[in-house]
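Predicted model and sequence follow; I will ask about them next.
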Number of protein chains: 2
Amino acid sequence: MALVVMKFGGTSVGTTDRIMHVARRLIAAKERGDQVVAVVSAMGDVTDDLLGLAAAISLTPPVREMDMLLATGEQVTIALLAMAIHSLGHEAISFTGAQAGIVSDASHMKARIQEVRADRVMDALAAGRIVIVAGFQGLTPDGEITTLGRGGSDTTAVAVAAGLGADLCEIYTDVDGVYTADPRVEPAARKVETVSYEEMLELAATGARVLQLRAVEFARNHGVVLHVRSSFNDNPGTIVKEADETMEQAIISGVTHDTSEAKVTIRDVPDRPGVAAVVFGRLAEQNVNVDLIIQNVSEAGSTDISFTTPKEDLARAKRTVEAVVTELQAREWQVDEAVAKISLVGAGMKTHPGVAARMFATLAEAGVNLDMISTSSIRISCVVGADQAETAVRALHSAFGLEAAAIVAESSPSGRGAV
Amino acid sequence: MALVVMKFGGTSVGTTDRIMHVARRLIAAKERGDQVVAVVSAMGDVTDDLLGLAAAISLTPPVREMDMLLATGEQVTIALLAMAIHSLGHEAISFTGAQAGIVSDASHMKARIQEVRADRVMDALAAGRIVIVAGFQGLTPDGEITTLGRGGSDTTAVAVAAGLGADLCEIYTDVDGVYTADPRVEPAARKVETVSYEEMLELAATGARVLQLRAVEFARNHGVVLHVRSSFNDNPGTIVKEADETMEQAIISGVTHDTSEAKVTIRDVPDRPGVAAVVFGRLAEQNVNVDLIIQNVSEAGSTDISFTTPKEDLARAKRTVEAVVTELQAREWQVDEAVAKISLVGAGMKTHPGVAARMFATLAEAGVNLDMISTSSIRISCVVGADQAETAVRALHSAFGLEAAAIVAESSPSGRGAV
């Protein structure tokens, strides 16, 4: 008998019909002999509807009250799903985040799970019930309701799986798993059978939307094996787990693209020590997230600094940079919103030199101009013009043979694979 | 500095505009120097929308899950109202029933409040905040979410007022207070300034919809003074409190009518001991609420038994009576759904004989036929044909001079008034 945590997102529970469908899937797992815990999101557009109500009242609502409001979305889903299972003749019980023992810190709207006190869930499982837990929410030790931020239901599922010592955490979504590229851009994209936590972290951080970054981090830190799969069919999806000698190390696991960021450049900054610290210190003070940073070689005592930032932070970034340009006596600043970040991710890169060179050559042949380059040990990212993003993805997908079976790297000397 | 609990129903918080209006009213009370606690219901049709979602999934949902679902309605309102107060520059904090310390028994969908642990509310008031509490809901000692049943927000307000030792509990509604009759039926109906708990209980039990019966009982048991008033203006409403020598004892406080019940008659029941016990024992077993009961004088060894029951219980009542007729070998049974219960309520009745006689004479003159009669020490009720209900109300309102200033009864010998 296995203990399985199954997570269903907002689309999968978007209507009462779909909730009935999820109920049948949970019952099928129960009837196979497993102990079953479901973690669910708010129905379809419910969270957006609640945000709309709040916006009609205040443009700057207190975050504590936003959490009070938003937490109702998942509470509706868990109740309806429990009713659906009962209507099919099986026993189920729903728990809010508080009731499921999801203890979080007090950072409203972006709370972090500190602990899962799973006693009530364990008792209900022992009593033979399917347990349904509200995703996305927690309770502080002081009894305050929190939410984990958008996509937090993935993290709830992983945290519950870790707290219960579950055998598997299945993330049901509207795609069949993790792909070598976005299939809407590259029709030849292929589903990946297995991927390591490290690769999944880079994929999630660079544009693959199938799993939330924080959920992958939590899974890695607690050794929770994830299975990302479709809620609309029974096909096997993608397994995310610790790399080991049995896992084939593809040189490249996938190509991602991300058009959600803008590029900001500050021109002719006096090139003296501490300049970068001022720029990025001021941005951090204003809560501006920064992704890639490039500082060009200094010429004649001045340099250019470029960085990318999520477009939702751009208004704050502009105000900050405007002030910084004056403070540092730089020449000017520019914003380019029509950019895309293209990334190649693969654990095999570590032991397989020449990936970067082949990537740059491929993009040059395709006529794609590179604005910025950034690398980690298992990732190479380039910023290109937004209108060249799809060309770049398709050229790289083909050049690295991702449509065929994975190209496997040699094992690293440690015998543990490349990660 | 007074401590005031102010309760607003679903209509008063039905839109974000109305929530802003309620916020301004709470702030005005705070600025007068009072400590302010608001108790609110779900917005307008939200509860009905949630019931619709549940009905799409199951016709017999588990009551525990219904409470999980319905409790979200009030949680949305408290968050939005707190945001509204913040947007107007004042400090507010919302609490779910659980957070406000509303401890209930485990009777889902009709839970009763056992205790109010008001520490968090007191602390927030001491910190100068306006406190907003979700009505209609509680938490069992085991951590289960409950609802108090429809109209339970009135009871929450009274319980919170009792738990806090509040000076006053204001019930804001869509009418100006308690009237001598339903103004839609009798345009000359007059607002009553003060009414005793006992009279209010009889008025609520016989058709006045302005206050929930259980809330009035709770207020009487805990000595909470109620002020029933309009959320749309600043007019004084009706005070409900313990009768004392300073309170004028109107002979008649009001005329109510209620068309929500049906009359069931069992004909020619063998007249032997224990027959009534069988009839009403079986009805109680089937959870059929019974209001008025009349057993006619026996003729030739058999008798007729009539009772009234809420129309929502009628299907169960019919099935039960069908079986009882067979069991007792009665002749037949009949149902009349076109009936109305007309009641005269007044504490002065106790010391003022002849009210019943005048009531019957008035109805006779108006051509209204009486089906059933039932009395308490401060109430006389008659069941009449539904088509004669409005005629009856107007005739009685006029005959007892209710459109003028109240007719005052002599004080009772105890000097404490008639209650």
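Alright, I've got the coordinates. Numbering: from 1, shown residues only, chains lettered A, B, ... in the order given.

Just give the number of residues close to the spatially closest residue to A:Ser87 that is not a sequence neighbour.
For A:Ser87, the nearest residue in space outside its immediate sequence neighbours is B:Ser58; the separation is 3.9 Å by Cβ to Cβ, 6 or more residues apart in numbering or on different chains. Every C-beta, even on glycine, is put in place using the N, C-alpha and C of the backbone. The number of residues packed around B:Ser58, counting by other Cβ atoms under 10 Å in any protein chain shown, is 20.

Now do the same contact list for B:Ser58.
Taking Cβ atoms under 8 Å, 6 or more residues apart in numbering or on different chains, we find B:Ser58 in contact with A:Met83, A:Ala84, A:His86, A:Ser87.

tell me the SS of A:Ala111?
coil (DSSP: H, G, I helix; E, B strand; the rest coil).

correct me, but A:Met20 touches B:Ile57?
Yes - A contact is recorded between A:Met20 and B:Ile57 when judged using Cβ atoms under 8 Å, the distance being 6.8 Å.

Tell me, how many residues neighbour the residue of the stretch 201-350 of chain A found nearest chain B?
Using Cβ to the nearest Cβ, the point where the stretch 201-350 of chain A gets nearest to chain B is A:Ser231, with a distance of 17.7 Å. Using other Cβ under 10 Å, the number of residues around A:Ser231 comes to 21.

Look up how far A:Val175 lies from it.
Shown here: A:Ser231 relative to A:Val175, a distance of 10 Å by Cβ to Cβ, to the nearest Å.

near chain B, which residues of the stretch 51-200 of chain A show up?
Applying Cβ under 8 Å from any Cβ of the partner chain, one finds that the stretch 51-200 of chain A approaches chain B through A:53-54, A:56-58, A:60-62, A:64-66, A:68-69, A:71-72, A:75-76, A:78-80, A:82-84, A:86-87, A:93-94, A:96, A:98-99, A:120, A:143, A:145.

mind running it again at 6 Å?
Taking Cβ under 6 Å from any Cβ of the partner chain as the criterion, the stretch 51-200 of chain A approaches chain B at residues A:56-58, A:61-62, A:65, A:68-69, A:72, A:75-76, A:79-80, A:82-84, A:86-87, A:94, A:143.

Return the subset of those residues lying in strands.
Filtering these for membership in strands, criterion DSSP state E, returns A:Ser94.

buried subset of the residues of the stretch 51-200 of chain A next to chain B?
Neighbour-count burial (16 or more other Cβ atoms under 10 Å in any protein chain shown) is assigned, among these, to A:56-58, A:61-62, A:65, A:68-69, A:72, A:75-76, A:79-80, A:82-84, A:86-87, A:94.

Okay, and which of these map to helices?
A:56-57, A:65, A:68-69, A:72, A:75-76, A:79-80, A:82-84, A:86-87 (DSSP state H).

about what we covered before: would a markdown table of the contacts of B:Ser58 with pLDDT be doable?
Shown next, in a markdown table, are the contacts of B:Ser58 (pLDDT from 0 to 100):
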| residue | pLDDT |
| --- | --- |
| A:Met83 | 98 |
| A:Ala84 | 98 |
| A:His86 | 98 |
| A:Ser87 | 98 |
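
Among those residues, which pair sits farthest apart?
Pairwise distances across the contacts of B:Ser58 peak at 7.3 Å for A:Ala84 and A:His86 (criterion: Cβ to Cβ).

my guess is A:Lys241 meets A:Val225, correct?
Yes - shown here, A:Lys241 and A:Val225 form a contact pair, counting by Cβ atoms under 6 Å, at 4.6 Å.

center of chain A, which residue is that?
The centre of chain A sits closest to A:Gln212, judged by Cα atoms, centre = their mean, with a distance of 2.2 Å.

Can you give me the pLDDT of that residue?
At A:Gln212, the model reports a pLDDT of 86.

State the phi and psi torsions of the residue of chain A positioned farthest from its centre.
For chain A, the C-alpha lying farthest from the average C-alpha position belongs to A:Ala300; by Cα atoms, centre = their mean, that distance is 42.1 Å. For A:Ala300, the backbone dihedrals (degrees, to the nearest 10) come out as phi 50, psi 40.

how about the helices of chain A, start to end?
A:16-31, A:46-57, A:63-87, A:119-126, A:152-164, A:197-205, A:213-222, A:275-285, A:314-328, A:355-365, A:389-399.

taking the ones you listed together, which one is wrapped up most tightly?
The densest packing among the helices of chain A, expressed as mean neighbour count by mean count of other Cβ atoms under 10 Å in any protein chain shown, is seen in helix A:152-164 with a mean of 28.

what's next to that helix, contact-wise?
By Cβ atoms under 6 Å, 6 or more residues apart in numbering or on different chains, the list of residues contacting helix A:152-164 from outside reads A:3, A:5, A:7, A:39, A:41, A:113, A:116, A:118, A:133, A:135-136, A:148, A:169, A:212, A:214-215, A:218-219, A:222, A:224.

now that helix: mean pLDDT?
Across helix A:152-164, the average pLDDT comes to 95.

and that helix with helix A:63-87, angle?
Using axes from the mean of the first three to the mean of the last three Cα atoms, to 10 degrees, the inter-axis angle of helix A:152-164 relative to helix A:63-87 is 70 degrees.

Report the inter-axis angle for helix A:152-164 versus helix A:119-126.
80 degrees.

Spit out the contact partners of A:Tyr177.
Actually, residue A:177 is Gly rather than Tyr. If a contact means Cβ under 6 Å, 6+ apart, then A:Gly177 has A:Lys191, A:Val228, A:Gly237, A:Thr238 as its contacts.

can you rerun that using 8 Å?
A:Gly177 sits next to A:Lys191, A:Val192, A:Val210, A:Val228, A:Arg229, A:Ser230, A:Pro236, A:Gly237, A:Thr238 when contact means Cβ under 8 Å, 6+ apart.

how close does it sit to A:Gly223?
Counting by Cβ to Cβ, the separation of A:Gly177 from A:Gly223 is 21 Å.

A:Asp313 too?
With Cβ to Cβ as the criterion, A:Asp313 and A:Gly223 are 33 Å apart.
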